[in-house]
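[1] coordinates only, sequence not included:
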């Protein structure tokens, strides 16, 4: 029987994926609970916070988010952390390399 490298990788990849899925299912659910929580955040003058992205780094929750004040007018990227699974959050701090930079004549340029 002659089998191409591509076909071999397809078949073995699918077989391994199925095995990994079965092993994971035997351990129990990966996600125990999804809960909607509204974060108390500092006010954005004339806008709102949006585009939150959170993850766990060890036992600490890490989140980035941006302010928006109009259509396609995104503010600088900010970050915050939580050590109690999101019950409380640290001060929202800008990420300096990903903020606004002076462009000249009072204009600012986004680095994103």
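    Okay, I see it. The model shown is predicted, which means the values in this text are computed figures rather than measured ones. Numbering: from 1, shown residues only.

[2] use CA for all of it now, contacts and neighbours both
    Will do.

[3] how about the strands in the protein?
    Secondary structure of the chain (DSSP state E): strands at 48-57, 60-68, 74-82, 93-94, 100-104, 107-110.

[4] could you dump these into TSV with distance to residue 6 and mean neighbour count added?
    Supplementary listing: the strands of the chain in TSV, determined by distance: least, Cα to Cα, whole Å; neighbours: other Cα atoms under 10 Å:
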stretch	distance to residue 6	mean neighbour count
strand 48-57	35	13
strand 60-68	40	19
strand 74-82	42	20
strand 93-94	46	16
strand 100-104	47	12
strand 107-110	43	12
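
[5] need the contact list for residue 81.
    In this structure, residue 81 makes contact with 60-63, 89-90, judged by Cα atoms under 8 Å, 6 or more residues apart in numbering.

[6] least trustworthy helix or strand in the chain by mean pLDDT?
    helix 5-27 (a mean of 70; mean pLDDT, DSSP states H and E).

[7] which one of the strands of the chain lies nearest to residue 33?
    Each of the strands of the chain has some distance to residue 33 by Cα to Cα; the shortest is strand 48-57, at 14.8 Å.

[8] name the surrounding residues that touch that closest one.
    By Cα under 8 Å, 6+ apart, strand 48-57 touches 41, 61-69.

[9] run the chain-centre distance for that strand.
    6 Å (Cα atoms, centre = their mean, to the nearest Å).

[10] okay, now the sheet partners of that strand, with direction.
    strand 60-68 (antiparallel) (DSSP bridges).

[11] average pLDDT for the partner strand?
    Mean pLDDT, computed over strand 60-68, is 93.

[12] quick one: that strand to strand 74-82, angle?
    If you take axes from the mean of the first three to the mean of the last three Cα atoms, to 10 degrees, strand 60-68 sits at 160 degrees to strand 74-82.

[13] follow-up on the earlier one: which one of the strands of the chain lies closest to residue 17?
    strand 48-57 (24.6 Å).
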